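Asks: need a 3D model of the sequence below.
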Amino acid sequence: MSTTPARPRRAVVTGASSGIGAATVRRLRAEGWDVVATARRADRLDALAAETGAETFVADVTSDDDVARLAAHVAATGGVDALVNNAGGALGLDPVETADLEQWRGMYDLNVLGTLRVTKAFLPLLRERGEGDVVVVTSTAAHGAYEGGAGYTGAKHAERMLATTLRWEIVGEPIRVVEIAPGAVATEEFSLVRFDGDAERAAAVYEGYLPLVADDIADAITWALTRPPHVNVDLLVVRPRAQAHNTKTARTGV
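Replies: Have a look, this model is predicted:
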């Protein structure tokens, strides 16, 4: 009696050109998944595709047209089993009194509306599959405040509420909604972008202790996605051992 080999699961990973997104693409590919890696930078995606064999699609999650094209492409090329909403980022570390409104607007558009836009586009495709996963990569900033961080913590709190509310709204459907909330993760770009290219200031964020790296979060995402279908990891907070909360880190040396 002949048997048909099981179809590999297929994931879409946003923000895949660097950091946690790229690490997640690598890890899922190593686990045998088909992956559509999407981000704005074609050159970074091309390099990732050459390294991992992942499919790529250039798109900006803050663009309605780009997200619609991405969803149509995925639908036409085999559908999707899991969506990893990873695109996001922080801009600045200014007090509320001197906050840059454009930075706040940009963070909300990317972290919140970007996740909303992509999730709305892909929920119908996950339903077509019969079951699936929506992963939202937030931050410990979604679970607490810190001085200078109101723009970012506000956006991440909103993204967290998006994930939580979606889970409540679609309960009973075979779609899991998973929130992964990383603490301090040393990636090549997060703090550098936040501090407008100030490499010295960016490096200081991770001095005196051992922070997480992108692979640590990719491992957590992959673990959550590979639990049995009836198991939903509602929330997984992942911090370095040295970090107790957003404003308390033991900088005792690595």
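Asks: settle this for me: Gly183 is touching Ala242, isn't it.
Replies: No: look at Gly183 against Ala242 with C-beta atoms under 8 Å: they stay out of range, at 9.5 Å. Where C-beta positions appear, they are placed from N, C-alpha and C, glycine not excepted.
Asks: so Pro228 is in which element?
Replies: Following DSSP states H and E, one finds Pro228 outside all helices and strands.
Asks: any idea how far it lies from Glu131?
Replies: Distance check for Pro228 against Glu131: by C-beta to C-beta, to the nearest Å, it reads 11 Å.
Asks: neighbour count for these two, which is higher?
Replies: More crowded of Pro228 and Glu131, by other C-beta atoms under 10 Å: Glu131, with 12 against 5.
Asks: so where's the stretch 51-200 of the chain shaky on pLDDT?
Replies: 191-192, 195 (pLDDT under 70).
Asks: all strands for the stretch 1-150 of the chain, in order.
Replies: Counting by DSSP state E, counting those that start in this stretch, the stretch 1-150 of the chain has these strands, from start to end: 10-13, 34-39, 55-58, 82-85, 132-137.
Asks: mind listing the strands the second one pairs with, and their directions?
Replies: As defined by DSSP bridges, the strand partners of strand 34-39 come to strand 10-13 (parallel), strand 55-58 (parallel).
Asks: closest one to Val74 among these?
Replies: Closest of the strands paired with strand 34-39 to Val74 is strand 10-13, at 6.0 Å (criterion: C-beta to C-beta).
Asks: got the contact list for the closest one?
Replies: Contact with strand 10-13 is made by 21, 24-25, 28, 33-38, 70, 74, 78-84, 86, 122, 225, as judged by C-beta atoms under 8 Å, 6 or more residues apart in numbering.
Asks: could you redo the last one with a cut-off of 7 Å?
Replies: Strand 10-13 is contacted from outside by 21, 24-25, 28, 33-38, 74, 78-84, 86, 122, using C-beta atoms under 7 Å, 6 or more residues apart in numbering.
Asks: what do you get for stretch 112-119?
Replies: With contact meaning C-beta under 7 Å, 6+ apart, stretch 112-119 is reached by 14, 61-62, 64, 67, 83, 85, 87, 134, 136, 155, 158-159, 162, 166.
Asks: I'd like to know which of those are buried.
Replies: Using 16 or more other C-beta atoms under 10 Å as the burial test, the contacts of stretch 112-119 include 14, 61, 67, 83, 85, 87, 134, 136, 155, 158-159, 162, 166 as buried.
Asks: any idea how far Ala22 lies from Val12?
Replies: 14 Å.
Asks: mind listing the helices for this structure?
Replies: 19-30, 42-52, 64-76, 101-107, 114-129, 150-169, 190-194, 199-204, 214-225 (DSSP state H).
Asks: looking at those helices, which is buried most?
Replies: helix 19-30 (a mean of 25; mean count of other C-beta atoms under 10 Å).
Asks: for it, what does the pLDDT average out to?
Replies: For helix 19-30, mean pLDDT is 98.
Asks: related to what we said a few turns ago, can you add distance to Phe190 and give the buried ones among the contacts of stretch 112-119 back as JSON lines?
Replies: JSON lines is the format used below for those (distance: C-beta to C-beta, whole Å):
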{"residue": "Thr14", "distance to Phe190": "15"}
{"residue": "Val61", "distance to Phe190": "17"}
{"residue": "Val67", "distance to Phe190": "23"}
{"residue": "Leu83", "distance to Phe190": "21"}
{"residue": "Asn85", "distance to Phe190": "16"}
{"residue": "Ala87", "distance to Phe190": "12"}
{"residue": "Val134", "distance to Phe190": "23"}
{"residue": "Val136", "distance to Phe190": "17"}
{"residue": "Ala155", "distance to Phe190": "14"}
{"residue": "Ala158", "distance to Phe190": "19"}
{"residue": "Glu159", "distance to Phe190": "15"}
{"residue": "Leu162", "distance to Phe190": "21"}
{"residue": "Leu166", "distance to Phe190": "25"}
